[in-house]
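Engineer: build me a model from this:
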Amino acid sequence: NEFSFTHSLDEVYINVWQGTDLFKRSKYGINYPYIFPENKEIPDKIPTITIGNFTEIDGGPYPSSSRGPIYTFNNATTFLKGRHTLKAGVIVEYSGQDDFDQINVQPIPGSTNNQNGRFQFPNDAAGANSTGVGVANAALGMFNSYAEIGQRALTKYRSLATDLFVQDSWRPTSKLTVEGGVRWAYWPPWYSLTNNIATFDPAAYDTTNQAVVSPTTGRIVSGPRYNGIVLPGNGFEGDGNDLAVASDPAVLALFVGAPRGFAETHANVFEPRIGAAYSINDKTIVKVSSGVFHNRVTVSDSMFLGGNPPFQPQVGVSNGLADNPGGVGGAGSLPFGMTAIDREFKHPTAYMWSAGVQRQVPLNFIVDVTYVGRRGLYNVRERDINQLLPGTVQANPGVNVAALRPYKGYGVIRLSENAASSKYH
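Structural biologist: Model (predicted):
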């Protein structure tokens with residue numbers, strides 16, 4: 001019997017090098033007013049500027065930090081009987097990530113990777129005053145989109161994963177070895193210790209009471225601010241009750257009994273595997289194998305549910321001027337940017353099979369010819385579920401993009417879902 005228990009703590013801190021003044025926006029005469037002027041980690045840091053066909057000026061998501069405790073319990077028992085070597089075991093892992101790094105490193109159009117803002121000047125920019133050339137629009141200060149993040153949130157993610165397995169190595173003859181087994185995985189989704197995570201759920205969006213958006217300015221004129229946003233469980237827990245938003249009735253109304261990790265917990269995750277190797281002679285081996293494998297999705301750089309409103313607000317502006325991106329009215333009436341998780345969120349699954357021959361040739365070289373096949377299902381992908389249909393802007397000249405989006409009151413809604421597929425031969 002083999003037993004082990006391990007504990008590790010991963011601590012990461014990434015800062016902005018401040019040995020020179022190259023990171024300062026004031027060095028370059030950039031002085032536009034922030035939409036969220038308070039609680040910037042580095043108030044004088046440059047924004048991110050994306051211009052079509054030009055190298056991006058990237059202010060980046062830093063400084064940032066995270067720390068993650070991991071506790072792993074592993075027990076395996078081996079039993080020998082005749083020509084069989086049987087093995088069974090269990091692995092339990094309790095892991096966490098205290099995340100103050102909930103800004104996407106790679107932003108999608110209309111979003112930002114920088115608390116201090118991101119401007120986009122694409123070549124195909126729409127808008128009444130657009131020149132149609134990104135660098136010309138940048139010179140005139142006319143952006144296609146601008147996004148900015150307010151006060152950053154700290155989220156303490158946790159998850160408990162359990163794996164059980166049994167396997168057998170059988171040698172019916174001296175020339176043949178057969179390996180077989182099955183693994184069962186139980187991987188509930190990651191959750192927050194204090195329930196300070198949020199997602200956008202289309203099923204919770206009320207189209208009869210959606211925000212009214214000005215077709216001229218793109219600002220919210222009236223209507224609910226959090227329509228479609230869902231919080232997990234039935235209320236804040238622990239330190240979550242000390243959050244500034246914990247006493248806001250509009251926020252508390254978002255607790256509707258959703259699972260703590262939002263996605264389903266899948267209990268039917270089985271992984272059968274089998275393989276065989278046969279020695280034709282002392283220089284030639286034939287081998288075949290097949291199996292099912294799953295991938296456990298962890299806290300990633302693209303899905304930060306703790307980095308969503310109402311905890312870490314991000315707003316976007318379409319077709320504005322760089323001198324004052326937020327215009328008149330402040331952040332309270334600008335559309336939110338969101339990340340979201342698919343409710344089903346199946347585990348990425350791979351079906352793999354192979355067959356091959358190994359042959360020893362002169363000078364003790366080994367020639368290996370093997371065919372490998374792989375079919376991937378439920379692969380991770382991302383898409384903006386609030387983007388415009390083709391031709392919408394052209395059919396509505398002069399109307400602000402924010403007033404045309406399917407989910408009013410929101411800009412980009414970046415949905416992470418396990419719905420892609422792949423083939424490999």
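
Engineer: contacts, neighbours, all on C-alpha from now
Structural biologist: Noted.

Engineer: tell me the confidence at Gly59?
Structural biologist: We note a pLDDT of 93 for Gly59 in this prediction.

Engineer: ramachandran angles for His84?
Structural biologist: When read as degrees, to the nearest 10, the backbone of His84 gives phi -110, psi 140.

Engineer: quick check: beta-bridge partners of the residue nearest to it when sequence neighbours are not counted?
Structural biologist: In space, and not counting its chain neighbours, His84 is closest to Trp170: 4.6 Å by CA to CA, 6 or more residues apart in numbering. Per DSSP bridges, the residues bridged to Trp170 are His84, Val178.

Engineer: how about Trp170, what does it touch?
Structural biologist: The contact partners of Trp170, taken as CA atoms under 8 Å, 6 or more residues apart in numbering, are 83-85, 177-179.

Engineer: most surrounded residue in the residues you listed?
Structural biologist: Highest neighbour count within these: Val178, with 19 neighbours (other CA atoms under 10 Å).

Engineer: pretty sure that one sits against Arg273.
Structural biologist: No. Using CA atoms under 8 Å, Val178 is not in contact with Arg273, being 10.8 Å away.

Engineer: for burial, what's the neighbour tally of Phe365?
Structural biologist: Residues near Phe365, counting by other CA under 10 Å, number 9.

Engineer: I should have written Gln167 there, sorry.
Structural biologist: 19.

Engineer: can you show me the helices along the stretch 101-250 of the chain?
Structural biologist: 134-140, 249-252 (DSSP state H, counting those that start in this stretch).

Engineer: between those, which one is nearest to Ser4?
Structural biologist: Nearest to Ser4 among the helices of the stretch 101-250 of the chain is helix 249-252 (43.0 Å), distances taken as CA to CA.

Engineer: hmm, who's touching that closest one?
Structural biologist: By CA under 8 Å, 6+ apart, the residues outside helix 249-252 that reach it are 226, 235, 245-246, 310.

Engineer: got the CA positions of that helix in CSV?
Structural biologist: Extracted in CSV, the C-alpha atoms of helix 249-252 (Å, rounded to 0.1, in the frame of the first residue of the first chain):
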residue,chain,number,x,y,z
PRO,A,249,-31.0,45.5,-2.1
ALA,A,250,-30.5,45.4,-5.9
VAL,A,251,-27.4,43.1,-5.4
LEU,A,252,-29.0,40.9,-2.8
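
Engineer: how far does it sit from the chain's center?
Structural biologist: Helix 249-252 sits 26 Å away from the centroid of its parent chain (CA atoms, centre = their mean, to the nearest Å).

Engineer: show the average pLDDT along the following helix or strand past it.
Structural biologist: Sequence order places strand 255-258 as the next helix or strand after helix 249-252, per DSSP states H and E. Strand 255-258 shows a mean pLDDT of 96.

Engineer: what packs against strand 255-258?
Structural biologist: strand 229-232 (3 or more CA pairs under 8 Å, 6 or more residues apart in numbering; DSSP states H and E).

Engineer: contacts for the strand it packs on?
Structural biologist: Residues from elsewhere that reach strand 229-232 (CA under 8 Å, 6+ apart): 195-201, 204-205, 254-262.

Engineer: for Val412, which non-adjacent residue is spatially closest?
Structural biologist: Gly337 (5.1 Å).

Engineer: residues near the one you found, how many?
Structural biologist: Neighbour tally, Gly337, other CA under 10 Å: 24.

Engineer: thought it was touching Val317?
Structural biologist: No. The pair Gly337 and Val317 fails to qualify as a contact (CA under 8 Å) at a distance of 10.1 Å.

Engineer: show me where this structure dips below the pLDDT cut-off.
Structural biologist: 125-129, 300-302 (pLDDT under 70).

Engineer: where is the longest strand in it?
Structural biologist: Taking DSSP state E as the criterion, the chain has its longest strand at strand 365-384.
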